[in-house]
Each structure stands twice: as C-alpha cells, then as structure tokens.
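Student: Compute the structure for the input listed below.
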Amino acid sequence: MSPRAAAADRPPGFRGVFRADADARAVYAEAAGIQRIWPDAVAVPADAADASVLVRWAHETRTPLVPRGSGTSMAGGAIGPGVIVDLSQLRDLPTVDADHRRMRVGPGVLRGEADAAAAAFGLRFPVDPSSGAYCTIGGMASTNAAGAHTLKFGATRPWVTALDCIFDDGTQAVVRRGQPLPDGVPALTRFLEDAAPEIKAADPTSLVHRDVRKDSSGYAVAEYARGGDLIDLLVGSEGTLGLFVAVEIALIPRPLATASLLAAFPTLEAAVLGATVARQAGASACELLDRTFLDFVRDVADVGEPAARLPVATDAVLLIEIEGDSTDRARSAVTDLARAVTAAGAVYVELAFDEAAEAALWELRHAASPILARLDPALKSMQVIEDGAVPPDRLADYVRGVRTAMTRQGMRGAIFGHAGDAHVHVNPLVDVRDPAWRDKVRALLDEVTALTARLGGTLTGEHGDGRLRTPLLPLMWPAGDGVALRLFRAIKTAFDPRGIFNPGVKVAAPGAGILGDVKYDPRLAPLPPLARRALDRVADERAYATPRLSLLDAAG
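Tutor: Next up is the predicted model:
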C-alpha cells in the first residue's frame, strides 16, 4: 500500500479524531504563512500514548506526519503532504515548580496561558512572540520562537529544560538538559553513532552565521557542538526529528518595574547606532519601525498617534523598554537612555513611565495588522521575506536593500522588527490582479535572499525554515564546502531514516520548488465553502487558538 493510500485509512488502535474528508483536509491546508498544501488526512491524538500509536503506524506504512500546533507558522512548516498531526489538544495544564522555577506543559498549552500560570507565583516565561496569545508552547519549541524580549533573554532554546518526545518507531522518552540520554531509544543510538562524531569534528565557523544574534535556520549544530546537549538540537527542529508531547521550561521572576521610550531618527544609520546604545544599556526590548511602516500608520487616523507627532523627516523609530528592580530605577535608567540616544542622533524622544503610557506607546508597534487589513482587498500581505536577520552593523544596509528590492518590483510594504537583534519582518503588499505578480514575488525573494547572504545573515531569525525557506538553505550555508548541509542531512537520517517526520523541512525534498502554491493566487481552485469560512474567521479574528475542526463545525 502506498503512503498516500494508507493515509486515508484510520490507523489501527488510534483513539483520537481521524478525518480524510475534503473539509477537514482543506481547513488544515493553510496556516499563517503564504502557502497552501492539501494533506491526505488529519489526526488529532487523544493523548501522548495515542500519538505514539500514530507514529508506529506511520513508521510501518511510511506515511508522512506533519506536526502542528495553532497554525501560526509563517514558513510553511505546519502544512504539508501526508497526515497533519494536530497536537494543540494535548493540553496538560501547566504544572509549576516554583522552588526550582520550572513548569511542565502539554505542547498545546498557549504561551499566554503558561505565562499566566507562572504569574500566580511571581514568575514568568520571558520569551514573548507577538503571537503569544494564541501560539502553543510546543510550536515555540519546534521553531525556537523568539520575540521582542529576546534582546535580553534569548530565544526559546535556552529556556527548554526537558522534552518528552516520541521518536520514529513510536518510542517515547524524555530528553533532559544536562542529563544522560535515555537508553533503549534506537533514534538516539543512531544519532550518537552516526551523526554526533561528525558534528563534534566539524569546523565551528562553518556551523554559524557569524555575528547574527538570532538564527533558527537548519539544525542547531553549533549549540550541540559547544555543549553536547541534545535538547539544543531538538529545539528548533520543526517536527522533523520527533513529536514533542510535553515541554518543561525554565522561569524567572517577573519584572518589578518597566519604563519605555520612543526615539525618532533622521537616518537608518542613526537608528542602528541608537539600537546599539540601547543594547549596551541592557534594554529588555528594542524594536524598529521603518519609514515604510510609519507611512502606513499615518494613513489611518485612529491608529496614527503618536506617529503624528514625529518629525516629517523621520526615517526610522525605535521603541525601547528598560526593566528595573524599582519604579525609580526604571525611570532613571530610561531617562539616561533618552539622553544617550539623543547623543546618537535621535531628533525626537518621548518617554513613558507608567503602564498606561507604555501601552499607548507600544500600540504603535502592533498597528501593522489592522492597518494592512484596511487596504484594497486585492493587495495581499505576502510574508515571503519576513524573517531575515543580519549582523547588527549591517542592519541599515539590509533595510535599505529591502526597500530597494520592493521598489524595483513596484510594491509597497511595511518593514519593522527587532532592531536590538538586527532582525527584520517585512510585509510586502502584492496586487494579485497583476498577471505578473508571481514573477515579481519570486524576483523579490531572490533579490532579498542574495542580499541577506551577501551581508552574512540568515533568512530564518525566529519563524523556522518550513517549506518556504528550506529549498534556499544551500544559498545561506555555503561556508565549509557545505559542511552544515551535510550535517543537517546526517541528523535527519539518523533520527528519521524512513522520512516520516515533516519531510521537506530542514532538508529539502528532491526537486523541491520555490514558493509552491500561494494561497492568495486567484487561479487556485477555491477551498470548500465550509473550510473557507473557517479559515477566514482565523484570519479576521486571529482565532488560531480555536481548534480548526471546531471552527469547521461552527461554519456549518
């Protein structure tokens, strides 16, 4: 029996939901990114043991499995051929060990829920992607998610202390940071024998994008080579090495006080210098709003404050947060920082000392989605170049190069992101009425990929490679005659010799094309009406945390 035929049949002994009808398949054919791929079926395991049954069946039938949480994936890692495995319902509630500052959660627990549980003990999980209200902890571990506070606290990887995994033959085992690997797991034995020695023998300079502060591209071979801790390799693996059925994360005390400032700069170079000053001052967050972003903000009156107060010649804005162990110290630190960024070239500075003022200031950072939603419906925000990170001293070159690339294709777009880490998000606006729109999108991707490589950057700062960027990895990992790519293949083969876990992610499938089907393409056959209504609700209401099959039932 072929894998495709097997995927349509309910696995023996599987207790969860298993559907292969068109509506169920369609509602999982899209995620937050731009691509569309129809799966063959959808499985929602009832618990970890049920997930193990599913994996054993996939191993025997060589059926591809595509793990998925809330579907907030931007790079296509949560869609694919085979069987979608919706882990969002493995929602074992957070168990907080306040004494050791640890929390164990099911992979389907939302980041916001986990942080709220920690808050009851005066603790927090400091990794805060903008999708934190509806992304899952399992998804965050899968992609090594980050966020605004990565500047001070790092991305997800160092905060994961244990992973409860199901490996390719269905074996379930816990991998714990700093502890020996469990015995009797064939995948781990193969890795230690076949891949680990080669990783440790590799030239370290071929395993990193030098001076890049945020990078979730490929497997984290450099981290594993440095510390020998397998958990570092599993985090960020995007479901290609096994399923995560529980995650243990570290916690820290909540901040006692914060203060913020907005600083406007006449040039990108001055803003980059301001970001350096903020980073050196110990800022907890430093966000970039480029001129392209500000132009959109000014166009919409009810979200235009405080943008309306900015000097007309503003080329970039930084939003900066400082944490302190008292209100007075936070206020003093941000006041000192205001003087420092002014000396660095800021021509306008606005301070916020209390919670309400800070919220008003930071609302400017979150204005992109409501603004873009009000534009001509034929203009689609296609996040095809949305996760680039470069060495901090090349940030101005990168932003200017992205602006030029969009202009060359006749596109407007919004550029914003994490200035302190030189990590930039871009929302190009594409007119799908233009017969040449696809060629222009591909040309934009090609030009920005070449720009990123030339500047020594990565295409994948925090959202994963997925199926969008994996085919481009040879262009981004050329050092050492392809050592990194060879190691990626060795890791994948050791853990998953039958290729059942998210094939085509991290290691490109043979003949993999660029882009694939784009869900905004008016030439694509429409999805079934129920699925279309459900997915439209996800987009309109940011309803990612609602199970897709429940949305499908509601749409009926």
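Student: how about low-confidence regions in the stretch 1-150 of the chain?
Tutor: For the stretch 1-150 of the chain, the stretches with pLDDT under 70 are 1-8.
Student: Which segments of the protein make up each domain?
Tutor: 257-370, 377-464 (automatic domain parsing).
Student: Let's have those domains in a markdown table, adding mean pLDDT, distance to residue 526 and mean neighbour count.
Tutor: C-beta: built from backbone N, CA, C; applies to glycine. What follows is these, written out as a markdown table (pLDDT from 0 to 100; distance: least, Cβ to Cβ, whole Å; neighbours: other Cβ atoms under 10 Å):
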| stretch | mean pLDDT | distance to residue 526 | mean neighbour count |
| --- | --- | --- | --- |
| domain 257-370 | 88 | 24 | 19 |
| domain 377-464 | 94 | 14 | 21 |
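Student: quick one, which of those domains is nearest to residue 9?
Tutor: The closest of the domains of the chain to residue 9 is domain 377-464. By Cβ to Cβ, the value is 30.1 Å.
Student: Now do that closest one: distance from first to last residue.
Tutor: Using Cα to Cα, to the nearest Å, one end of domain 377-464 lies 28 Å from the other.
Student: starting at the chain centroid, how far to that domain?
Tutor: 16 Å (Cα atoms, centre = their mean, to the nearest Å).
Student: What about the residue nearest to residue 495 when sequence neighbours are not counted, how many residues nearby?
Tutor: In this structure, residue 495 finds its nearest non-sequential neighbour in residue 241, 4.2 Å apart by Cβ to Cβ, 6 or more residues apart in numbering. Neighbour count for residue 241, taken as other Cβ atoms under 10 Å: 24.
Student: Can you list phi and psi of residue 241 for me?
Tutor: In terms of degrees, to the nearest 10, the main-chain angles of residue 241 are phi -120, psi -10.
Student: one step back: closest one to residue 550 among the domains of the chain?
Tutor: Closest to residue 550 of those, according to Cβ to Cβ: domain 257-370, at 23.1 Å.
Student: before we move on, the earlier item: let me have the domains of the chain in CSV, extended by distance to residue 208.
Tutor: Converted to CSV, the domains of the chain look like this (distance: least, Cβ to Cβ, whole Å):
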stretch, distance to residue 208
domain 257-370, 19
domain 377-464, 10
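Student: Residue 172 is nearest to which of those domains?
Tutor: domain 377-464 (23.9 Å).
Student: Ok, which of the domains of the chain comes nearest residue 14?
Tutor: Taking those one by one with Cβ to Cβ, domain 377-464 is closest: 27.1 Å.
Student: nearest to residue 203, of the domains of the chain?
Tutor: Across those, closest to residue 203 is domain 377-464 (Cβ to Cβ), at 16.5 Å.
Student: low pLDDT regions in the stretch 451-556 of the chain?
Tutor: Within the stretch 451-556 of the chain, the segments meeting pLDDT under 70 span 480-481.
Student: what comes into contact with stretch 533-541?
Tutor: With contact meaning Cβ atoms under 8 Å, 6 or more residues apart in numbering, stretch 533-541 is reached by 27, 30, 71, 527, 543-544, 546, 548, 551-552, 554-555.
Student: go again using 6 Å as the cut-off
Tutor: Stretch 533-541 is contacted from outside by 27, 30, 543, 551-552, 555, using Cβ atoms under 6 Å, 6 or more residues apart in numbering.
Student: Report the beta-bridge partner residues of residue 105.
Tutor: residue 247 (DSSP bridges).
Student: next one: phi and psi at residue 249?
Tutor: phi -130, psi 150.
Student: Give me the number of neighbouring residues for it.
Tutor: Residue 249 sits with 24 neighbouring residues when counted by other Cβ under 10 Å.
Student: again, but for the one 4 residues further on
Tutor: The criterion is other Cβ under 10 Å. On that basis, residue 253 has 13 neighbouring residues.
Student: how close does the residue nearest to residue 495 sit to residue 143?
Tutor: In this structure, residue 241 and residue 143 are 13 Å apart, going by Cβ to Cβ, to the nearest Å.
Student: Kindly report the same for residue 483.
Tutor: From residue 483 to residue 143 the distance is 23 Å (Cβ to Cβ).
Student: swap in residue 232?
Tutor: Residue 232 is 14 Å from residue 143, by Cβ to Cβ.
Student: What of residue 240?
Tutor: 11 Å.
Student: Surely residue 152 is in contact with residue 284?
Tutor: Yes - with contact defined as Cβ atoms under 6 Å, residue 152 reaches residue 284; the gap is 4.4 Å.
Student: Grab the nearest non-local neighbour of residue 119.
Tutor: Spatial nearest neighbour of residue 119, chain neighbours left out: residue 254 (6.5 Å); criterion: Cβ to Cβ, 6+ apart.
Student: which element is residue 261 on?
Tutor: strand 257-265 (DSSP states H and E).
Student: Now for the most centrally placed residue in the chain: which residues touch it?
Tutor: Of all residues in the chain, the one closest to the mean position by Cα atoms, centre = their mean is residue 463, 2.3 Å from it. Residues near residue 463 by Cβ under 6 Å, 6+ apart: 74-75, 387.
Student: same question, residue 389
Tutor: 212, 214, 422-423, 457-458, 461.
Student: Tabulate those (JSON lines), appending secondary structure and distance to residue 414.
Tutor: Formatted as JSON lines, the contacts of residue 389 follow (DSSP: H, G, I helix; E, B strand; the rest coil; distance: Cβ to Cβ, whole Å):
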{"residue": "212", "secondary structure": "coil", "distance to residue 414": "23"}
{"residue": "214", "secondary structure": "coil", "distance to residue 414": "20"}
{"residue": "422", "secondary structure": "coil", "distance to residue 414": "18"}
{"residue": "423", "secondary structure": "strand", "distance to residue 414": "15"}
{"residue": "457", "secondary structure": "coil", "distance to residue 414": "20"}
{"residue": "458", "secondary structure": "strand", "distance to residue 414": "21"}
{"residue": "461", "secondary structure": "coil", "distance to residue 414": "17"}
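Student: Since that was my last question, I'll sign off now.
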